[in-house]
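Trainee: Can you look at this prediction? I've put the sequence above it.
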Amino acid sequence: MADRRGILIPLIILCWIILAPNANRTPIGPYEGRRIEDAIASEQVSLAVLRNSTWNTTLDLEHSHLNLTGLEPDRGYAWKSLSKVQTRVQEHLKYALGEWGLHSLGAVPGKPNAIPLYANITGHVRGRWQRSKLQEELMIPQLNFSEYATPNPFGQTTTPPLFHRNITGQGGDIAIRLNDERSDIPEQPGSALGRLADISMQMEITDTATHEQWDMKLYGVHFVDVGQAILTTTSDKWAGIFLLPHLTLSEKTFAGAKAVLNRTIPRVIERQINGKLDALKPWAATSEATHESFSQPACDLIVYLQQLSPVTNEQLSSSVVSFLEREMRFPTGAILPRAPDLRFSMIALSPDCGFVLESKGPPDDARQDNNHLVGPKMEVEYHHGRQHLLLFTVTLALQVWLLMRQMHEANTPSTRSRVSFYTIAMLALGDGFTTMTFLLLSMFVPGLWINLVATSFLAFSNVFLFDMRFLMDLWAVQAPERARRAREQAEAARRRREENGRSSPPALSESVAHNDVTAAANPSDPSATSAPSDALPTTGSLPLPVTTNRPGRLIDTGALPIFVPADGDTTPDMATDTADVNGAGTAAPDTGEPRSPSFGSLYTRFYLLLLAILFLSLNASAWPSPVSRTYFTLQSLAYLSFWVPQIFRNINRNCRVPALTWEFVAGQSILRLVPFAYFFGYRGNVLFADPNWFSLALMVLWVWVQVVLLVSQNLFGPRWFWLGSAPPAFDYHPILREDEEGATMPIGFSQAAAAGAPGVSSVPSTPSLERRQSSFSITKDSKGSGKRIFDCAICMQDLEVPIVEAGGSAADASLGGSAGLLARRMYMVTPCRHIFHSACLEGWMKYRLQCPICRETLPPL
């Protein structure tokens, strides 16, 4: 009966996922008990304030009378520094567009912009940030921390927590993913507002000193004509999206931002009312907006982005850039030059935590050192992603092709018994990890969904159609080996139990003596006088005859024959059936042998291990940068150790003949390194990971060492470098000695020598003796001193072998050392002392582990 216990755990997990109740949590914070109706009402009030607000020429938000969260007089935010920050933003605008940019803030420009800019800035940019020089002039906000203290479950006020996203470092890395929506107000000739669009941004800031990392999402407005974007976070202590028009630089930009928000915000509120959106905070800075915990406050940010001229070595006009952008979004097949990357400068202000950050680049820094925030547009990124996925698909296809060829070569039990099960399992685990990773990425990258799913399907096919099939074949062929190992372990355990039993005979003697004394004291007690007939004899008594009928002993009368298979082994089912017949239904005794796991249980272990590695890797991506980098490097080295199990199997079984073809070893080694070379050595990878040449060189060196060890095992023997203990193995390449003490000469040499010796020619011959002699490897005349010529019974060709003559040594015959080792590799001597060419016997043993002459069982190579 099949063992189906392994399916229990996945079935429980699946039922828990499907049938888990969606119960409401108990509120643990002051804002957790809010309902969607309360959130909608609050948003409608803030929207009404936005619609009725007007441009404030003084930009005095500290004493503003707007009824919005974050503008209360007792908040203590650093609003006095806002004017200095906006002055710095205007400097960035002037550096990017010149005087035309400053003039366009207040009126409709009379002539078009000479600097080429992208209208749609959807893309991914990266760079370095530093603390702004304005930080020295910035006043520290005076916050009332008691307002941010949350009550504990007992109603008592806790200690005010530290603010999340409080960036205290002096510099680090920044990555921004921009999502520019369609323009809400279409471009019109002579429009005073220009082209506008709502925009969202996912920003990731990393502190180089502390390796802390902060993720946040911001929403805002993109002023297309001047290439400027203003974005802000939104929280319960800061109504950022409703305050955004008051953060602009001029009355014109205020009116444009107000017009965009008056269209986009009502749409979001309408989706909440219709039930299409259940988020309490649609503009929250964290991704957990549906059930956001407000137990820890976070610093809010206002970000100003200014688009700079694209990075290119060619002089591109605004019309050419517009044509490039239109062709990328709506391709018609036109031949285009390479699209330049996006480039932005950034200034970020935190009014509640009091810090100002800037991107590093010209004119303060040299362009060769830092160039602000640079990255590809979304269309270019998707195009490169498709090309890279195509390369990876070709890599997977080549891996499948190599595996199919290896499975064709390993089509005999002898070859499959030499292949390491764990080597193929590690390769299958890597393909399964690729499948799960691409399926996970396809849910977050809609533009590459088809490509990711197709590549994932190819990896899936490699796992379930080829890897698992090969593993199943290896598992079936190596089952007798596992059973033999289990029997050896059980036999060793039985011997230990017997030795422990022999170590306590005095206790047994005392028990027998005590029984004798009890019987003498109570002669009337029948239980004391009666003893079983098969009891142990006392000292001085004779043992019972072996023919004595003992109670409970089964007698084999020969009436029930036991049919034994050809290989001499009985299966557990046959043994159980025989015990049932002979014992009249009694259960078979427990042999104490460990039960081998079934291949079905390995499926469960394989998938659980795969899911565990996937979840651990997803969690490790959020760890600090040094820890995360170390984890992924160690994980990569562990995965690239797939030849180590094969090396140890060669040592354990003393396999000199390679179990895997060199085509498979070299091809898989190179192809498995391709993804690591892409992520660790290519700067333009899809993850935007910085190159790490040291880790890549370490991985290549580690794989190279494993391949060199496999090659050396084929040349010098599988155990030439092994210093530890190993199971005894038969040496098919012994040093042949002519004297009687060595006893390593083939049988054919003894027969031939006897036939040609003086005084032996008169020995009578019989047909049976002639048949036996004809089956041996017959030697011919010696070809020089220290050499003999035999006939190989497989290819029927001459075989010249070096020998050690009587009275000589291996050193004299030059059979010791490396030269002698290579010379002995030309012939093979079986345990039954028949000699063959190495290539002939190796080819024979691929199909049958029997001597070609006497059919004696041969140990594997």
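Mentor: In hand now; what should we look at?
Trainee: Report whether D364 is found in a helix, as I expect.
Mentor: No. Applying DSSP: H, G, I helix; E, B strand; the rest coil, one finds D364 to be coil, outside a helix.
Trainee: could you measure it against N370, distance?
Mentor: Going from D364 to N370 by C-beta to C-beta, to the nearest Å gives 9 Å. Using the backbone N, CA and C atoms, a C-beta is placed for each residue, glycine as well.
Trainee: List the residues that contact E358.
Mentor: 88, 129-132, 345-348 (C-beta atoms under 8 Å, 6 or more residues apart in numbering).
Trainee: from these, which ones fall inside strands?
Mentor: Using DSSP state E, the subset of those located in strands is 129-131, 345-348.
Trainee: quick one: which two of those are the most distant?
Mentor: Across these, the longest distance by C-beta to C-beta is 15.4 Å; it joins R131 and S345.
Trainee: quick one, which of the two is more surrounded?
Mentor: Using other C-beta atoms under 10 Å as the criterion, R131 and S345 rank with S345 on top: 24 against 17.
Trainee: of D364 and N370, who's got more company?
Mentor: Set side by side, D364 and N370 show more neighbours around N370, with 18 against 11, by other C-beta under 10 Å.
Trainee: just checking, that one touches W129?
Mentor: No. Here N370 lies out of contact with W129, judged by C-beta atoms under 8 Å, at a distance of 9.7 Å.
Trainee: Overlap of the contact sets of those two?
Mentor: Here N370 and W129 have 359-360 as joint contacts, going by C-beta under 8 Å, 6+ apart.
Trainee: Which helix or strand contains L390?
Mentor: Taking DSSP states H and E as the criterion, L390 maps to helix 378-409.
Trainee: Next, the buried residues of that helix.
Mentor: 378-383, 385, 388-389, 392, 395-396, 399-400, 402-403, 406-407 (16 or more other C-beta atoms under 10 Å).
Trainee: which strands and helices sit next to it?
Mentor: Judged by 3 or more C-beta pairs under 8 Å, 6 or more residues apart in numbering; DSSP states H and E, helix 378-409 is in contact with strand 123-131, helix 318-329, helix 421-442, helix 449-461, helix 468-477, helix 662-681.
Trainee: moving C-terminal of that helix, what's the next helix or strand?
Mentor: Where DSSP H and E defines the elements, the next helix or strand beyond helix 378-409 is helix 413-416.
Trainee: ok, and for that next one, which residues are buried?
Mentor: Of the residues in helix 413-416, 413-416 count as buried by neighbour count, 16+ other C-beta under 10 Å.
Trainee: which one of these is nearest G220?
Mentor: Scanning the buried residues of helix 413-416 for proximity to G220, where the rule is C-beta to C-beta, the winner is R416, at 63.1 Å.
Trainee: Which residue comes closest to that closest one once chain neighbours are left out?
Mentor: Of all residues not flanking R416 in the chain, V477 sits nearest, at 4.2 Å (C-beta to C-beta, 6 or more residues apart in numbering).
Trainee: Okay, and the nearest residue to Y422 once chain neighbours are set aside sits in which element?
Mentor: Excluding the flanking residues, the one nearest Y422 by C-beta to C-beta, 6+ apart is P645, at 3.9 Å. Per DSSP H and E: P645 is located in helix 644-653.
Trainee: Report all helices and strands that that helix contacts.
Mentor: Using 3+ C-beta pairs under 8 Å, 6+ apart as the contact test, the elements touching helix 644-653 are helix 421-442, helix 693-716.
Trainee: Off-centre distance for that helix?
Mentor: Relative to the mean C-alpha coordinate of its chain, helix 644-653 is positioned 23 Å out (C-alpha atoms, centre = their mean, to the nearest Å).
Trainee: Direction-wise, compare that helix with helix 421-442 and give the angle.
Mentor: Between the axis of helix 644-653 and that of helix 421-442 there is an angle of 170 degrees, by axes from the mean of the first three to the mean of the last three C-alpha atoms, to 10 degrees.
Trainee: Show me where the stretch 701-850 of the chain has its strands.
Mentor: In the stretch 701-850 of the chain, the segments counted as strands under DSSP state E, counting those that start in this stretch are 787-791, 798-802, 827-829, 835-837.
Trainee: Sketch out the low-pLDDT regions of the stretch 651-800 of the chain for me.
Mentor: Residues of the stretch 651-800 of the chain meeting the criterion pLDDT under 70: 656, 739-745, 747-785.
Trainee: go again using 50 as the cut-off
Mentor: Scanning the stretch 651-800 of the chain with the threshold set as pLDDT under 50 gives 749-779, 781, 783.
Trainee: Out of the helices and strands packed on helix 644-653, which is the most enclosed?
Mentor: Mean neighbour count (mean count of other C-beta atoms under 10 Å) peaks for helix 421-442 among those, with a mean of 20.
Trainee: what's the pLDDT at T437?
Mentor: Reading off the confidence values, T437 has pLDDT 87.
Trainee: for the closest residue to it other than its chain neighbours, what are its contacts?
Mentor: Once flanking residues are discounted, T437 sits nearest to L614: 7.3 Å by C-beta to C-beta, 6+ apart. By C-beta under 8 Å, 6+ apart, L614 lies in contact with 433, 436-437, 440.
Trainee: can you rerun that using 10 Å?
Mentor: Neighbouring residues of L614 by C-beta atoms under 10 Å, 6 or more residues apart in numbering: 432-433, 436-437, 440.
Trainee: Tabulate those residues (CSV), appending distance to E488.
Mentor: Output for the contacts of L614, formatted as CSV (distance: C-beta to C-beta, whole Å):
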residue, distance to E488
G432, 33
F433, 35
M436, 39
T437, 41
L440, 44
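Trainee: Neighbours of P362, how many?
Mentor: Around P362 there are 15 other residues, counting by other C-beta under 10 Å.
Trainee: was I right about it contacting S309?
Mentor: No. Taking contacts as C-beta atoms under 10 Å, P362 lies outside contact range of S309: 11.3 Å.
Trainee: Test for you: state the pLDDT assigned to T210.
Mentor: 83.
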